[in-house]
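Trainee: Provide a 3D model corresponding to the input given below.
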Amino acid sequence: MDLDKPPVRHPPRQRPEGCLVVAIRLPVRIVALVLVVPVRMAWDALLVACRFLNDALLRPLGRALLWLGRVLVVLPLVGLWRYVVVLPLVGLWRYVVVPVGNALVRLWTLVVVAPLLWCHRCLLTPLGHALVRLYARVLTPAVLGLGAALARLARYLVVVPARWLYDWFLAPVGRAVAWGVRGVGRLLALLLAGIGRILYWVTRVLVVLPAQALWRRVLTPAGRVLAVVGREVGDALRHAWRIAGHVSLAVGRFLGTLLRWIFVEPVRRVYRSVLTPVGHLVRDLVLRPAAEAARAAGRTGREALAAARTSVRQARADVRRLLFGESGQSDPVARREPSGRGTRTLDSRTTALTKD
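Mentor: Purely as a prediction, here's the structure:
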């Protein structure tokens, strides 16, 4: 069972820190904290302002500009491209270019291609066959004989003298020149090797050894000190930035709480304690009675208008009856309003269909 357990990971051992590190760390962290806290608070305030500006102004403005650009630029350009450029070009290609191209291709085939094919088939092909036969029967033996004669002539006039010149003159001269060049090269190599050793020792004594001593005795300790200082400054800046973030968060929460208790809570309490009861009182004592009065006035006006309309209709019927006399009995027309005593009324529970 112990073999199945994962191995225990021990934390890495920290190297012991010297007195220089301890002496540098505290003042550097204090100075970094004093310098970084205002910068972090200003940075957080700038971020909050930028986020508010982005959410409240830039994003709605960008959306409005995007919509406006789409409506004013993109859609007109799309319609212009589709209905002014593409459709005419498609019609031009389909009804003008393609028929004209087909006609030109047929004309080229009839005027140029067909005569060329006839010329190749009836003139050039028989002529080429005749020339091939003539070359194979007459010119080939002559060319072969002339080539053999020229090859022998070149062998005895060029190759043999050139080979003799190379064997008896150029090769010995070349060997002698190579031996001399080899000797001169060895001599120059010895001279350069001696000069190189002298320059090496001079450079080593005058440059390398002082530079090495300077590196070991001065630059390496100074670099270690500067590395320790830089590491501590970086750690101090990181810690100061983290602490400044907590400080900035606490200050922001304090300001938010202070703003809430100074402005928001009084306004909310005034709204709940004063404005809401006053609004309810105004609604119950002023608005509702005014609305009821307005509805009653409207109802009275409608009733008066209906009564006036009925009076006018009755007067018009009386005038018509005086002028034209009584008209014949006409069939009753079904109306929306109930008429007669046999219909259902408000104080009766019977209808014309259920009444005996």
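
Trainee: for V143, phi and psi?
Mentor: V143 has phi and psi values of phi -70, psi -40 when expressed as degrees, to the nearest 10.

Trainee: check contacts around it.
Mentor: V143 is in contact with no residue at all, counting by C-beta atoms under 8 Å, 6 or more residues apart in numbering. C-beta here means a position set from N, CA and C on the backbone, and glycine is covered the same way.

Trainee: Then R260?
Mentor: For R260, no contacting residues are found, by C-beta under 8 Å, 6+ apart.

Trainee: what's the average pLDDT for the helix or strand containing A308?
Mentor: In this structure, A308 sits in helix 288-324 according to DSSP states H and E. Averaging pLDDT along helix 288-324 gives 85.

Trainee: Distance from that helix to the middle of the chain?
Mentor: How far helix 288-324 lies from its chain's middle: 71 Å, per C-alpha atoms, centre = their mean, to the nearest Å.

Trainee: And for stretch 162-173?
Mentor: Taking C-alpha atoms, centre = their mean, the mean C-alpha location of stretch 162-173 is offset from the chain mean by 77 Å.

Trainee: what's the closest non-adjacent residue to V31?
Mentor: A236 (7.7 Å; C-beta to C-beta, 6 or more residues apart in numbering).

Trainee: For A114, which residues are in contact?
Mentor: So A114 contacts nothing (C-beta under 8 Å, 6+ apart).

Trainee: And it, which helix or strand is it part of?
Mentor: Per DSSP H and E: A114 is located in helix 114-119.

Trainee: need the next SSE after that helix, C-terminal direction.
Mentor: Assigned by DSSP H and E, the successor of helix 114-119 is helix 125-134.

Trainee: For that next one, give the mean pLDDT please.
Mentor: Per-residue confidence for helix 125-134 averages out to 81 on the pLDDT scale.

Trainee: Can you tell me what sits against it?
Mentor: Residues external to helix 125-134 that are found in contact with it (C-beta under 8 Å, 6+ apart): none.

Trainee: if we can go back for a sec, counting neighbours, what do you get for the residue nearest to V31?
Mentor: Other residues near A236 number 22, with proximity taken as other C-beta atoms under 10 Å.

Trainee: Can you point out the buried residues in the helix or strand where it lies?
Mentor: Element membership for A236, per DSSP H and E: helix 220-259. Neighbour-count burial for helix 220-259 flags 228, 232-233, 236-237, 240-241, 243-245, 247-248 (criterion: 16 or more other C-beta atoms under 10 Å).

Trainee: How about stretch 278-292?
Mentor: Per 16+ other C-beta under 10 Å, stretch 278-292 contains no buried residues.

Trainee: what distance separates the start and the end of that stretch?
Mentor: Using C-alpha to C-alpha, to the nearest Å, one end of stretch 278-292 lies 20 Å from the other.

Trainee: Residue ranges in the stretch 101-250 of the chain under the pLDDT threshold?
Mentor: Filtered on pLDDT under 70, the stretch 101-250 of the chain yields the residue ranges 138.

Trainee: and the gap between L188 and G174?
Mentor: Relative to G174, L188 is positioned 21 Å away (criterion: C-beta to C-beta, to the nearest Å).

Trainee: wait, I meant D284
Mentor: Separation of D284 from G174 (C-beta to C-beta): 130 Å.

Trainee: Same check on H246?
Mentor: 89 Å.

Trainee: now V270
Mentor: In terms of C-beta to C-beta, V270 sits 117 Å off from G174.

Trainee: Check G245 too.
Mentor: Using C-beta to C-beta, G245 is found at 85 Å from G174.

Trainee: Check L127 too.
Mentor: L127 is 57 Å from G174, where distance means C-beta to C-beta.

Trainee: can you check R302 too?
Mentor: Counting by C-beta to C-beta, the gap from R302 to G174 is 135 Å.

Trainee: next one: R309
Mentor: Distance of R309 to G174, given as C-beta to C-beta: 140 Å.

Trainee: try N54
Mentor: In this structure, N54 lies at 86 Å from G174, with C-beta to C-beta as the measure.

Trainee: Please apply the same query to V229.
Mentor: Taken as C-beta to C-beta, the span from V229 to G174 is 71 Å.

Trainee: how distant is stretch 181-188 from the center of its chain?
Mentor: For stretch 181-188 - counting by C-alpha atoms, centre = their mean - the centre lies 69 Å from the chain centre.

Trainee: Now do the helix holding A114: distance to the chain's middle.
Mentor: 60 Å.

Trainee: next one: stretch 113-127
Mentor: How far stretch 113-127 lies from its chain's middle: 63 Å, per C-alpha atoms, centre = their mean.

Trainee: got it, and stretch 78-88?
Mentor: Averaged C-alpha coordinates place stretch 78-88 at 28 Å from its chain's average position (C-alpha atoms, centre = their mean).

Trainee: what's the average pLDDT for it?
Mentor: Averaging the model's pLDDT scores along stretch 78-88 yields 86.

Trainee: Straight-line length of that stretch, end to end?
Mentor: 15 Å.

Trainee: count of residues packed around N54?
Mentor: For N54, the count of nearby residues is 13 (other C-beta under 10 Å).

Trainee: Kindly report the same for V31.
Mentor: Under the neighbour criterion other C-beta under 10 Å, V31 is assigned a count of 13.

Trainee: Show me which parts of the helix or strand containing it are buried, residue by residue.
Mentor: Here V31 is covered by helix 19-53, with elements defined by DSSP H and E. Judged by neighbour count using 16+ other C-beta under 10 Å, the buried positions of helix 19-53 are 24-25, 28-29, 32-33, 36-37, 40-41, 44.
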